[in-house]
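Novice: what follows is a predicted protein model with its sequence.
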Amino acid sequence: MDRFERLASALRRIPGLEVRENEPMKRHTTFRIGGPARWMAFPKTVEEVRTMLRLAREADIPVRLLGAGTNVLAPDRGVDALVLCLKDALRGLRLPEGNCIEAMAGETLASV
């Protein structure tokens, strides 16, 4: 079992977490392009994101973050990493003072 498979095994022990192997990135970008992600996970909470980042760091696995997939160009050759799709875990907008909008990584461009 290689380090990616050990990581996937650990991720699958997180209750309710969806983890997919060789998931086509084109399914998750608005431009509908991109090869497979070695592993892709779909966390639902910030705590799940933290746990996955810790497990990936311990396994020395690169992590790529994907929000809602708007305006993202994923490589056709794929991504040899753990891709965390944050569209369900990190949602929210904030309007601090001034002319700024703070949007979490999983927020859609349409809502911003």
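Specialist: On my side now, so go ahead.

Novice: for the residue minimising distance to the centre of the chain, give its distance to Trp39.
Specialist: By CA atoms, centre = their mean, the chain has its centre lying nearest to Leu84, at 1.8 Å. Per CB to CB, to the nearest Å, Leu84 is found 10 Å from Trp39. In short, each C-beta sits where N, CA and C put it, glycine included.

Novice: on that earlier part again, what's the offset of the helix or strand encompassing the residue nearest to the centre of the chain from the middle of its chain?
Specialist: Assigned by DSSP states H and E, Leu84 falls within strand 79-85. Chain-centre distance of strand 79-85: 6 Å, with CA atoms, centre = their mean, to the nearest Å.

Novice: cool, and stretch 91-110?
Specialist: The answer for stretch 91-110 is 18 Å, by CA atoms, centre = their mean.

Novice: how about the closest residue to Leu7 other than its chain neighbours, phi and psi?
Specialist: Excluding the flanking residues, the one nearest Leu7 by CB to CB, 6 or more residues apart in numbering is Ala59, at 4.5 Å. Ala59 adopts backbone torsions of phi -90, psi 0, taken as degrees, to the nearest 10.

Novice: how about the contacts made by Ala59?
Specialist: Arg3, Phe4, Arg6, Leu7, Ala10 (CB atoms under 8 Å, 6 or more residues apart in numbering).

Novice: does the residue of the chain most remote from its centre count as helix, strand or coil?
Specialist: Taking CA atoms, centre = their mean, the residue of the chain most remote from its mean C-alpha position is Gly98, at 30.3 Å. Here Gly98 is recorded as coil under DSSP: H, G, I helix; E, B strand; the rest coil.

Novice: tell me the pLDDT of it.
Specialist: Gly98 is assigned a pLDDT of 80 by the prediction.

Novice: before I go, just wanted to say thanks for your time.
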